[in-house]
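1. Below are the sequence and a predicted model; questions follow.
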Amino acid sequence: MLIKRSILVAMAAVFAAGTVVLADSHGGNPAVEARQSHMQLYGHNLGILGGMARGNVDFNADAAQAAAGNLAALATLNQMSYWPPGTSTDELGEETRALPVIWDSESMEEIIANATALVEATSAMQAAAGTLEGVQASIGAIGETCSACHRAFRQPNN
Amino acid sequence: MRRALGASAVLVAAGLAAYWWVTAPVTSPDSVLAGLEPDIAAGEQVFYAGGCASCHAAPNADGDARLIMAGGRAFPSNFGTFYAPNISPDQDYGIGDWSALDLYNAMRHGVSPDGQHYYPAFPFTSYVRVTAQDVVSLHAFLMTLPASNELNRDHDIGFPFSIRRNLGVWKWLYLDVDWVLGGDLTEEEQRGRYLAEALGHCGECHTSRNALGAPQRGRWLAGAPNPSGSGNIPNITPGGLDWSVSDIVAYFQSGFTPEFDTAGGHMADVIENLRELSDGDRQALAAYLKRVDAVE
């Protein structure tokens, strides 16, 4: 009987461990993945423009226009489903850097203002991306709107 | 018996005398500023390099409001919560009645005009290395900023840390005027060291602290838990940051990382200051970061 019980316990332990591993390998919260992917798309397209602005890559008007168009489109997407309550650093730990203050009702006004500023900055880039000078003059404002949100709402690092 | 009592009384008296001596606030006489003339434009650069506005501007101040040194920002710590004071030139609520020597003693010695120790939430552990000329220029620049009548908020600190006299012991143990990065440095690296270790006080966040809150010089700039919230402040020694010098300079100027992520948290404020410096100074800071000991 004692042996059976030990085997049972051992099996339960293996099963429990298996579930944990399975849950882990299935990735995390889909909303977190969606918003992180969205941020990556910003970074990718900004990288194309930034590389040209810094002279690391030759200026190419078509590529610049495409990247600027993507940024403008990304900025106007509705992100409501990306940010369900219960997906901050408080609940998800290291899976996210989204601070709980995002879901405070007082933060809403600032978040909307930042989102609006990003739409304006990216459409200004879209209008200016035909020339290298235009890209160089417009990229700073986009960075400032990114930082405006990251300043108050993102954890420094994991 | 009587002799033993007498001996212990002498010991206690000696201990008290040592405590009194160690904890007495030290200040400099006005001769340290003799012959120095303020340069307001240079003082503005010291203001940005020293990051004054990052702590002393009102919480969430934006744009021109970042030049009003009203104070009020909260700094939670293991010892309680510190509140940045008003350092605007208001005569009654700010530091309008301070002389340049008062500012010198505050920054170099961590001592207020009425002879009290400051808590090291005010980074005098870095400012102890600032030059007298820069203090004089900074003082003149601060007096050009708008006044604010915001009332100072008392720190919320528990015993025994609430006894300011005890900070004398802390200073005796940890206030060290020597550079962290020694050795033969180029002129540019020395300028970067002055910006990072004296004015910029990078180590206040990027270096971990011991149980008494003193920066661990052996882990200089190697990262630390975020002092005001969750998460970590990154390791920016060559052991943790593999960006090129031009990547670092571009980050200081634009806030963009090489992956085109952007600065966030308190670093977003730091970028706003670094943006006001000269290209040469941003280069010098980057050169310094490449020289500090790599810590994994």
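-> Perfect, thanks for sending it. Quantities reported herein were computed from a predicted structural model and do not represent experimental measurements. Numbering: from 1, shown residues only, chains lettered A, B, ... in the order given.
2. Could you list the low-pLDDT ranges of chain A?
-> Along chain A, the parts satisfying pLDDT under 70 run over A:1-27, A:158.
3. Can you show me the helices along it?
-> Assigned by DSSP state H, chain A shows helices spanning A:2-25, A:30-53, A:61-76, A:89-92, A:108-128, A:132-153.
4. Contacts for the fourth one, please.
-> Applying C-beta atoms under 8 Å, 6 or more residues apart in numbering or on different chains, the contact partners of helix A:89-92 are A:28-29, A:32, A:96-100, A:155, B:230-231. Every C-beta, even on glycine, is put in place using the N, C-alpha and C of the backbone.
5. for whichever strand or helix holds B:K290, packing partners?
-> Applying DSSP states H and E as the criterion places B:K290 in helix B:279-291. In this structure, helix B:279-291 makes packing contacts with helix B:187-193, helix B:245-254, judged by 3 or more C-beta pairs under 8 Å, 6 or more residues apart in numbering or on different chains; DSSP states H and E.
6. Tabulate those helices in CSV, adding columns for mean neighbour count and distance to B:L167.
-> As requested, the helices and strands packed on helix B:279-291 are exported to CSV (neighbours: other C-beta atoms under 10 Å in any protein chain shown; distance: least, C-beta to C-beta, whole Å):
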stretch, mean neighbour count, distance to B:L167
helix B:187-193, 18, 26
helix B:245-254, 19, 33
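7. circling back: next, the angle from the helix holding B:K290 to helix B:245-254.
-> For helix B:279-291 against helix B:245-254, the angle by axes from the mean of the first three to the mean of the last three C-alpha atoms, to 10 degrees is 130 degrees.
8. What sits closest to the residue of chain A found nearest chain B if chain neighbours are left out?
-> Using C-beta to the nearest C-beta, A:H150 is the residue of chain A that sits closest to chain B, at 2.8 Å. Excluding the flanking residues, the one nearest A:H150 by C-beta to C-beta, 6 or more residues apart in numbering or on different chains is B:G264, at 2.8 Å.
9. Surely the one you found and A:P156 touch.
-> Yes: counting by C-beta atoms under 8 Å, B:G264 touches A:P156, with 6.7 Å between them.
10. what about B:D62, how many residues close to it?
-> B:D62 is flanked by 10 other residues according to other C-beta atoms under 10 Å in any protein chain shown.
11. With the one 3 residues further on instead?
-> Residues lying near B:A65 (other C-beta under 10 Å) number 13.
12. Now do the contacts for it.
-> By C-beta under 8 Å, 6+ apart, the contact set of B:A65 is B:57-58.
13. Now do the same contact list for residue 99.
-> Answering for chain A, as no chain was given. For A:L99, the contacting residues are A:88-89, A:152-155, B:229-230, by C-beta under 8 Å, 6+ apart.
14. Not quite, go with chain B.
-> B:S99 sits in contact with B:30, B:139, where contact means C-beta under 8 Å, 6+ apart.
15. again, but for the one 3 residues further on
-> By C-beta under 8 Å, 6+ apart, B:D102 lies in contact with B:95, B:113.
16. so which of the helices of chain A is the most packed in?
-> helix A:132-153 (a mean of 20; mean count of other C-beta atoms under 10 Å in any protein chain shown).
17. Now the stretch 151-296 of chain B against chain A: closest residue?
-> Nearest residue of the stretch 151-296 of chain B to chain A (C-beta to the nearest C-beta) works out as B:G264 at 2.8 Å.
18. Let's see the helix or strand hosting B:V136 as CSV, backbone CA atoms only.
-> Per DSSP H and E, B:V136 falls inside helix B:132-142. What follows is helix B:132-142, C-alpha atoms only, in CSV (Å, rounded to 0.1, in the frame of the first residue of the first chain):
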residue,chain,number,x,y,z
ALA,B,132,33.8,75.0,-7.4
GLN,B,133,33.6,76.9,-10.7
ASP,B,134,30.7,74.7,-11.8
VAL,B,135,28.8,75.3,-8.5
VAL,B,136,29.2,79.0,-8.9
SER,B,137,27.9,78.9,-12.5
LEU,B,138,25.0,76.5,-11.6
HIS,B,139,24.0,78.8,-8.7
ALA,B,140,23.8,81.8,-11.0
PHE,B,141,21.7,79.8,-13.5
LEU,B,142,19.3,78.4,-10.9
